[in-house]
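>>> Predicted model, plus sequence, below.
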Amino acid sequence: MKKMKRLLAFLLAAALLLSGTALAAEPESEVQTAAAHLKEQGILLGNERGDLMLDSGLTRAQLAALLTRLHGEGEVDPAMYEWACYFTDVPAWARPYVGYCVAMLLMNGYNSAQFGPSDMVSPEMACTVMLRTYGYANSEGSAWNYNTACAYAAAQGLLDEAAAQGSVITRGDMAVLICRALQKEAEQTPNPQGDAVLKNPDGSITITQESWSREDFSQQANPAIFTGAYTRKLYNTFRQTIVDFGTDKSAGDRCAYTMVSVEDYSIAVNLMGRMDGVLRYEHYVPANLRNYYEYLDYFAVSAAMPENYQDAYDFVQPVLEKVNQMDSDRDKVTYLNDYLCTLLTYEEGAAPGITQTFSDNGREIEAACGTYTRAFSFLCSAAKIPCIKIHSANHGWNLVYLDSQWLHVDVTNNDCSANTHNLLLSKTSLGYIDEAPEMTAFLKELIIPGSTSVN
């Protein structure tokens, strides 16, 4: 993604120079030139008449669409991120774009239910998201924050003073802001890992400090979850893998990492296991890490679908096609619960795996709660519904995120009851006690940052 954006910036700068119209020209010419090139790249789109509406104010929904096209650069399908749009006021056309921006931590809502898609974008808001998009971190101690974003962007040459002082940023102003940021990025080729990860001539890497992440993702999470072994560094290590999956940033030696001691290693392993769905999360150490012997507690996280899951994934495609036609996540979760109840029947101690569960068995196969829980996570993951596993001392079930809250689903209980919806999308676990509540809170925030602040 980074490489493609730099190529876009190079082509943009070259075209401007060849045309004799650089971005330092008079404001009206700069707006028209910037907008024309963003239109050519498919980033800025107009109405049905082709009018780019450059003098009109930019809405938050339009900003989300712009950022998705710019940041994703054609490498991702926004529809894959619709699950992250948990706001109730976003129209259907904008939900994939808003979901992508939320998942990439580029934009936030006003609260857990409201995004304000039709609200106008202020200069502060526009500068904040652009600075985030281009890696200007605003963590504690950084050079800018929301209130000073305009001044900082102006100091970087990204925004004119007149645009910064307005109450609303126009679509034309936003085009200029994007193009200036692209040009500035094309002029700079910093090592995004700084001095933390050094690349050697032979292709190996050497690390020089005990943790690194591209940004401090933990700033988006509820600070109450960071206790004991559940550190911000561990959060960033997991969160970056989640955010980067499926992009070119997920390459091995660009993984965020931290140190996890022997004493805390079981916590990290259990976190990975409770996140597994279609993807399996595993402890990862780059094969080309030259000085691993100096950092034996090195811990990074990889994510991939196991090869033997492909048949199971193919088997559930008809179910997913049905689910994808449903309007609400509640209906989807209910359908997946009912479907799984047709595949399994409870038998204490039985533990068929994913590949056996999702295959043509010709009958219901015996399974205990662990299988129900893992299988339901697999289905929810395939359907893009946020889901984690939870357990008491002797029972396991799931939590899913919908309607801006985490809700309990116990398919084992449902399958064993006359009422197959006995514990379905419930706010309580009907007497089961979470054996690891701190880990559960940490997991909730990893999957949906900020979600424990409203539960």
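Perfect, thanks for sending it.

>>> where along the stretch 351-455 of the chain do the strands fall?
Taking DSSP state E, counting those that start in this stretch, the strands of the stretch 351-455 of the chain run over residues 365-367, 387-391, 396-402, 405-409, 424-426.

>>> Please name every helix or strand in contact with the fourth one.
Okay, so that is strand 405-409. Packing contacts for strand 405-409, counted by 3 or more Cβ pairs under 8 Å, 6 or more residues apart in numbering; DSSP states H and E, involve strand 396-402, strand 424-426. C-beta: built from backbone N, CA, C; applies to glycine.

>>> Can you list the strands that the shortest one pairs with?
In the sheet containing strand 424-426, its partner strands are strand 405-409 (antiparallel), by DSSP bridges.

>>> now the partner strand, how far from the chain's geometric center?
Offset of strand 405-409 from its chain centre (Cα atoms, centre = their mean, to the nearest Å): 20 Å.

>>> hmm, who's touching stretch 312-324?
278, 305, 332, 335-336, 339, 354-355, 357-360, 378-379, 382-383 (Cβ atoms under 8 Å, 6 or more residues apart in numbering).

>>> How about stretch 403-411?
Outside stretch 403-411, the residues that touch it by Cβ under 8 Å, 6+ apart are 86-88, 112-113, 329-330, 333, 337, 340-341, 372-373, 375-376, 390, 397-401, 422-430, 432, 444, 451, 454-455.

>>> wait, residue 349 sits on residue 368?
Yes - counting by Cβ atoms under 8 Å, residue 349 sits close enough to residue 368 to count as a contact (5.9 Å).

>>> the more surrounded of the two?
Applying other Cβ atoms under 10 Å to residue 349 and residue 368 shows that residue 368 carries more neighbours, namely 18 against 8.

>>> so who does that one touch?
346-351, 412.

>>> I'd like to know which of the residues you listed are buried.
Buried members of the contacts of residue 368, scored by 16 or more other Cβ atoms under 10 Å, are 346, 412.

>>> Take the contacts of residue 368 and lay them out in JSON lines including distance to residue 316, secondary structure and pLDDT.
Formatted as JSON lines, the contacts of residue 368 follow (distance: Cβ to Cβ, whole Å; DSSP: H, G, I helix; E, B strand; the rest coil; pLDDT from 0 to 100):
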{"residue": "346", "distance to residue 316": "21", "secondary structure": "strand", "pLDDT": "96"}
{"residue": "347", "distance to residue 316": "22", "secondary structure": "coil", "pLDDT": "96"}
{"residue": "348", "distance to residue 316": "26", "secondary structure": "coil", "pLDDT": "94"}
{"residue": "349", "distance to residue 316": "25", "secondary structure": "coil", "pLDDT": "94"}
{"residue": "350", "distance to residue 316": "20", "secondary structure": "coil", "pLDDT": "95"}
{"residue": "351", "distance to residue 316": "20", "secondary structure": "coil", "pLDDT": "95"}
{"residue": "412", "distance to residue 316": "19", "secondary structure": "helix", "pLDDT": "96"}
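
>>> Show me which of the contacts of residue 368 is closest to residue 268.
residue 351 (23.5 Å; Cβ to Cβ).

>>> For the closest one, give me its contacts.
The contact partners of residue 351, by Cβ under 8 Å, 6+ apart, come to 367-368, 370-371.

>>> do the same with residue 290
200, 204-206.

>>> quick one: the helices in the stretch 301-450 of the chain?
Ranges of helices in the stretch 301-450 of the chain, per DSSP state H, counting those that start in this stretch, are 310-315, 317-324, 329-343, 354-357, 369-382, 411-416, 437-447.

>>> follow-up on the earlier one: nearest to residue 108, of the helices and strands packed on strand 405-409?
Minimum separation from residue 108 across the helices and strands packed on strand 405-409 (Cβ to Cβ) falls at strand 396-402, 16.2 Å.

>>> Nearest approach to residue 102 belongs to which of the strands of the stretch 351-455 of the chain?
Of all these, strand 396-402 sits nearest to residue 102, with 12.2 Å by Cβ to Cβ.

>>> CA atoms only: put that closest one into PDB for me.
Taking Å, rounded to 0.1, in the frame of the first residue of the first chain, the C-alpha atoms of strand 396-402 are listed here in PDB:
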ATOM      1  CA  GLY A 396     -17.200 -22.600  27.000                       C
ATOM      2  CA  TRP A 397     -19.400 -20.200  24.900                       C
ATOM      3  CA  ASN A 398     -19.000 -17.100  22.700                       C
ATOM      4  CA  LEU A 399     -19.300 -13.300  22.700                       C
ATOM      5  CA  VAL A 400     -20.300 -11.500  19.600                       C
ATOM      6  CA  TYR A 401     -20.300  -7.800  18.900                       C
ATOM      7  CA  LEU A 402     -23.400  -6.200  17.400                       C
END
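
>>> Parallel or antiparallel, list what pairs with that strand.
Strand 396-402 has the following strand partners under DSSP bridges: strand 387-391 (antiparallel), strand 405-409 (antiparallel).

>>> Can you lay out these as CSV showing mean pLDDT, distance to residue 82 and mean neighbour count?
Shown next, in CSV, are the strands paired with strand 396-402 (pLDDT from 0 to 100; distance: least, Cβ to Cβ, whole Å; neighbours: other Cβ atoms under 10 Å):
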stretch, mean pLDDT, distance to residue 82, mean neighbour count
strand 387-391, 97, 15, 23
strand 405-409, 96, 18, 21
